[in-house]
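**Q** When you get a sec, could you give me coordinates for this:
(one chain, ligands or ions: 1)
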Amino acid sequence: MSQGEPRIVIIGAGPTGLGAGYRLQELGHEDWVILEANDYVGGLATSFTDEAGFTYDIGGHVMFSHYDYYDELVSKLMGDDFTELQREAWVWMEDRFIPYPFQNNIRDLDPQTVFDCVSGLIQTQRQEHQPTNFREWVDAVMGPGIARHFMIPYNFKVWATPAELMNFVWIGERVSVVDAETILRNVILGEDQVSWGPNNTFRYPLRGGTGFLYDGMRRFVEDHLELETPVASVDPAAKEVRTADGRVWPYDVLLSTMPLNHLIGCTESVPDAVRRAVDGLHWSGSHIVGVGIDRQADTTKNWIYFPEPEVPFYRVTYLSNYSPYITPRPGQTLLLTETSQSTHKPEDPTTIVDRVIDGLVATGLMEEDDRQRVVTTWLCSPEMSYPVPSVTRDASLGTIQPWLRSQGIWSRGRFGAWLYEIGNMDHSAMQGVEFVNQVLFGDPESVWIARGEGVAGDGIR
Ligand SMILES: Cc1cc2nc3c(=O)[nH]c(=O)nc-3n(C[C@H](O)[C@H](O)[C@H](O)COP(=O)(O)OP(=O)(O)OC[C@H]3O[C@@H](n4cnc5c(N)ncnc54)[C@H](O)[C@@H]3O)c2cc1C
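**A** Predicted structure coming up:
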């Protein structure tokens, strides 16, 4: 460590790196830099506007914040320029829409499906279970009927990973668990339980999509920002980062938000056990397809889940319902679809746009005639979009993260921490903020979770 202010190097200008940079400028810290590979900020939370004037996010990005600091920052960035939406989520299966969450609203499905789901739930409540993976957890908590009709096919479509290979520590607030009484009320008394209501609203920037927020953070970090500066290697012994242009950036403390496997891959003198542990980290990629249609949307829905394997996407967002400025002209629609991919679930990028349009027609989101009204399409295929909570993940993190910390390196953010359960924008930005608070004041982190064994260490002052 040098005397005085620590020199802080930040890899990546996504929400995590920007959160750290924002906090550093707020505190008046001088000695820091953000190194970003792209020529723009925002990472996976960036938005793009195409030549036709439609604005796309990299998949539906909904802001449900858990933190006052992040809320205040978002309010400061958006001012009055936002829309406020009521979350309206649906599931489309068996040729019909049912309100989300599926498991509490099964009454409108085929009688055989309803019977399978209810009898499976009764069966499972009679047994003791000790699940060891996500597949067993679904069976144990929801029963084989709900598992077969919804949870297993849907989750395979999202994660592009068999449920047997996933853990279930990430579930927390991410999966609505079933309650037998709610299901019986739904089926017998005909009461729906929808996920939207007065407390389920979210804000969305009026212009520029989700990425508006991170573009807005740029002005606070501009003087310390190096765009088009990919990091090529890290030397923890010398405490230096080398960028692809040959420049060397000494640091006292390093915050890396690049994917953890890439960080280990480009770091020198990594112990064998740490290098091997990277094999336990799994991820999926995506094809995000936007379809701009010259027709008014005929629904107020926000997004729809699609569990059935023959439908090529797992989710469609009516992005044009989020803000009138998402489309160049009033009376147009922008549908944003998400399709996952991995070695378990390869997807042909050359046919995905056509398959998505066919799927939109097959599910009734587009009329046959709408094919003629498509004014633009957009494809974005991030190679890494979901850090999969695999059964091997926590042991890997428990080996990798303590070693990095012993070298003065914090790896945080969606793929830096590799923790889906804290991988949203608010979690990510706050991991950046809390990194700074820990380094400068010794404050413990509250967002980041030390998964796996033996993670230790105080803040470096
Ligand atoms: C399909 C999808 C849907 C999502 N939906 C939601 C949602 O509904 N709500 C929500 O809150 N969040 C959502 N998210 C998550 C959100 O995008 C992330 O929380 C956020 O982008 C993570 O920020 P980050 O800074 O940790 O990582 P990233 O956004 O991945 O940023 C990392 C940055 O590091 C840079 N980088 C990588 N390697 C290097 C290198 N070698 N040198 C220099 N720079 C490098 C990258 O270019 C990038 O800019 C979604 C994400 C996806 C993919």
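**Q** Please tell me how far the most centrally placed residue in the chain sits from the ligand.
**A** Per C-alpha atoms, centre = their mean, the C-alpha nearest to the average position across the chain is that of N424, at 5.0 Å. Distance, N424 to the ligand, by C-beta to the nearest ligand atom, to the nearest Å: 3 Å. To be clear about C-beta, it is placed using only N, CA and C from the backbone, and glycine gets the same treatment.
**Q** Next, count neighbours for the closest residue to that residue other than its chain neighbours.
**A** The shortest distance from N424 to any non-neighbouring residue, by C-beta to C-beta, 6 or more residues apart in numbering, is to F64 (7.6 Å). By other C-beta atoms under 10 Å, 13 other residues sit near F64.
**Q** And S428, by the same measure?
**A** 29.
**Q** ditto for L44
**A** There are 23 residues near L44, going by other C-beta under 10 Å.
**Q** Look at it and give its secondary structure.
**A** helix (DSSP: H, G, I helix; E, B strand; the rest coil).
**Q** Show the model's pLDDT score for it.
**A** Per-residue pLDDT puts L44 at 98.
**Q** Now do the same for the closest residue to it other than its chain neighbours: its pLDDT.
**A** Once flanking residues are discounted, L44 sits nearest to I58: 5.3 Å by C-beta to C-beta, 6+ apart. pLDDT for I58: 98.
**Q** Would you confirm that I58 contacts T46?
**A** Yes - when contacts are counted by C-beta atoms under 8 Å, I58 is listed as touching T46 (6.6 Å).
**Q** Can you list the low-confidence ranges for the stretch 251-400 of the chain?
**A** For the stretch 251-400 of the chain, applying pLDDT under 70 flags no range at all.
**Q** And the strands in it, which stretches?
**A** 253-256, 282-293, 303-305, 315-318, 333-341, 374-380, 386-388 (DSSP state E, counting those that start in this stretch).
**Q** Turn the ones you listed into TSV, columns for distance to D235 and mean neighbour count.
**A** TSV is the format used below for those (distance: least, C-beta to C-beta, whole Å; neighbours: other C-beta atoms under 10 Å):
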stretch	distance to D235	mean neighbour count
strand 253-256	11	26
strand 282-293	26	23
strand 303-305	45	21
strand 315-318	42	22
strand 333-341	34	25
strand 374-380	34	17
strand 386-388	26	24
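**Q** quick one: V289 and the ligand, what's the gap?
**A** 12 Å.
**Q** Help me confirm that that residue comes into contact with D354.
**A** No - V289 lies out of contact with D354 (C-beta under 8 Å); the separation is 9.8 Å.
**Q** Show me the helices in the chain, by range?
**A** Applying DSSP state H to the chain gives helices spanning 15-27, 68-78, 111-125, 134-146, 152-159, 180-184, 211-221, 260-265, 272-277, 352-362, 393-406, 425-441.
**Q** So for the third one, what gets flagged as buried?
**A** Spelled out, that is helix 111-125. For helix 111-125, the neighbour count (16 or more other C-beta atoms under 10 Å) marks T113, V114, D116, C117, V118, G120, L121, T124 as buried.
**Q** Give me the mean pLDDT for it.
**A** Here the average pLDDT along helix 111-125 is 92.
**Q** care to break this structure down by domain?
**A** If you go by automatic domain parsing, the domain ranges for the chain are 8-46+69-82+206-281+390-441, 89-189, 283-386.
**Q** Among those, show me which one is buried the most.
**A** Of all the domains of the chain, domain 8-46+69-82+206-281+390-441 carries the top mean neighbour count, a mean of 20, counting by mean count of other C-beta atoms under 10 Å.
**Q** gap between that one and the chain center?
**A** Offset of domain 8-46+69-82+206-281+390-441 from its chain centre (C-alpha atoms, centre = their mean, to the nearest Å): 15 Å.
**Q** Quick check: end-to-end length of it?
**A** 14 Å (C-alpha to C-alpha, to the nearest Å).
**Q** please begin residue numbering at 14 from this point
**A** In the new numbering, first residue 14, that becomes domain 21-59+82-95+219-294+403-454.
**Q** With distance to M230 as extra columns, can I get the strands of the stretch 264-413 of the chain in TSV?
**A** Listed next are these as TSV, based on distance: least, C-beta to C-beta, whole Å:
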stretch	distance to M230
strand 266-269	15
strand 295-306	22
strand 316-318	26
strand 328-331	23
strand 346-354	23
strand 387-393	21
strand 399-401	23
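**Q** hang on, the earlier thing: which one of the helices of the chain lies closest to G55?
**A** G55 sits nearest to helix 224-234 of all those, at 3.7 Å, using C-beta to C-beta.
**Q** For that closest one, which helices and strands make contact with it?
**A** helix 28-40, strand 60-62, helix 81-91 (3 or more C-beta pairs under 8 Å, 6 or more residues apart in numbering; DSSP states H and E).
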